[in-house]
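> my questions concern the predicted model and sequence given below.
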Amino acid sequence: MNIAELKLEYDRSDMYGVISNMPDQIREALKLAEDFSVEIDTESISNILFAGMGGSAIGGDLVRSILENEFELPISVVRNYNLPEWAGETTLALVTSYSGNTEETLSAYKDAMEKGCKIICITTGGKLLELANNDKVPVLIIPSGLPPRGAIAYCSIPWLLIFASLGIIKNRSNEIESMVLELENVIKEYGNYDSSQDNLALSIAKRVVGKIPLIYVSAGSFGVIGKRWANQIQENAKMLAYTNELPEMNHNEIMGWHLTGLSKESILPIFIISSSYHPRVNLRFDITSKLVEEKRGEVVRISPKGDNLLTQLFSLIIMGDFISYYLSLLNNIDPGPVDIISELKEQLSSKN
């Protein structure tokens, strides 16, 4: 079966449409944030903390990646039931739960209230909206009906505009709008599965089938990409996938490429390389990928599209999303359902 036939057979939740709709989601996220008003005394803020899980938390990772080289305040992302002990009255806690019912995030929200943090929430509804309304905490309500992992723009873009409205970063609306135009071309390229057209996302997916992908990125702003790619492959294609960062990988994991006890055909290394990396990191990528290629015999090297960090990050997100999507079809699996996660949540809720 070709991709068009596999799509018709297995994509019952229209994950293709969710991925392809990213530019419109970004535009809608911009509009929602522009219409959202919040007043917070920013003079006393000493740190910013995102609280969330899964697809909701990745938005915090993305915002931190975009801002970490221009932002003076430390930014943390917490994926847990409790906030760090240092969180308190000078912490701006940004709580995101797409469903509004994520138990870890609800617990983190309550902890933020107890610690006296300044809080803003993003959600579609659920218990988080109810708690925030009762506590008179500002809430940005975003559209429902998506899988949380498909709402990354709703869970990231608004924070950039909210920060700008609070006067703690520059307004990036024009930059975001320009990026959207570029992303539309990215989607046309990676979303075109006609066999007569070159499609790097589909080509990589075909190379990954039957293997465990190991995704390598630079520490810093691109760490979110490794996490996003691995998570999307895990949830959409129902496959194991892992990520690591250079230069740290050069001090330990590189020794694992002796592949003792493993066949070299079982793992596919993917190196995401950007001109935005530190020059010495790029040198490490060049040397490391060649050393791994000698051991493995096959590696994938990828460079992002775009001439600025924002565009490079979102173009890589779209590429990784399409890779995971095509992998799901090639694995004869509907990318939408996450049955084991649902079963886990049911068993947890029965223990309350």
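Cool, the structure landed.

> distance check, the closest residue to Asn133 other than its chain neighbours against Leu62.
Nearest non-adjacent residue to Asn133, counting by CB to CB, 6 or more residues apart in numbering: Val139, 7.0 Å away. From N, CA and C alone the C-beta is placed, and that goes for glycine too. Going from Val139 to Leu62 by CB to CB, to the nearest Å gives 20 Å.

> between those two, who's got more neighbours?
Counted by other CB atoms under 10 Å, Val139 and Leu62 do not tie: Leu62 has more neighbours, with 28 against 23.

> in the longest helix seen in the chain, what counts as buried?
Counting by DSSP state H, the longest helix found in the chain is helix 309-330. By 16 or more other CB atoms under 10 Å, the buried positions in helix 309-330 come out as 309-330.

> quick one: the helices in the stretch 101-250 of the chain?
Per DSSP state H, counting those that start in this stretch, the stretch 101-250 of the chain carries helices over the ranges 103-115, 126-134, 157-165, 173-190, 200-208, 223-236.

> so for Gly150, which of those helices sits nearest?
Smallest distance to Gly150 across those (CB to CB): 9.8 Å, for helix 223-236.

> and that closest one with helix 309-330, angle?
If you take axes from the mean of the first three to the mean of the last three CA atoms, to 10 degrees, helix 223-236 sits at 20 degrees to helix 309-330.

> starting at the chain centroid, how far to helix 223-236?
7 Å (CA atoms, centre = their mean, to the nearest Å).

> for it, packing partners?
Applying 3 or more CB pairs under 8 Å, 6 or more residues apart in numbering; DSSP states H and E, we find helix 223-236 packed against helix 54-67, strand 212-218, strand 242-246, strand 267-272, helix 309-330.

> least confident secondary structure element in this structure?
helix 339-349 (a mean of 91; mean pLDDT, DSSP states H and E).

> I would like the residues contacting that one, please.
Helix 339-349 is contacted from outside by Glu103, Glu235, using CB atoms under 8 Å, 6 or more residues apart in numbering.

> what pLDDT does Asn352 get?
pLDDT recorded at Asn352 is 78.
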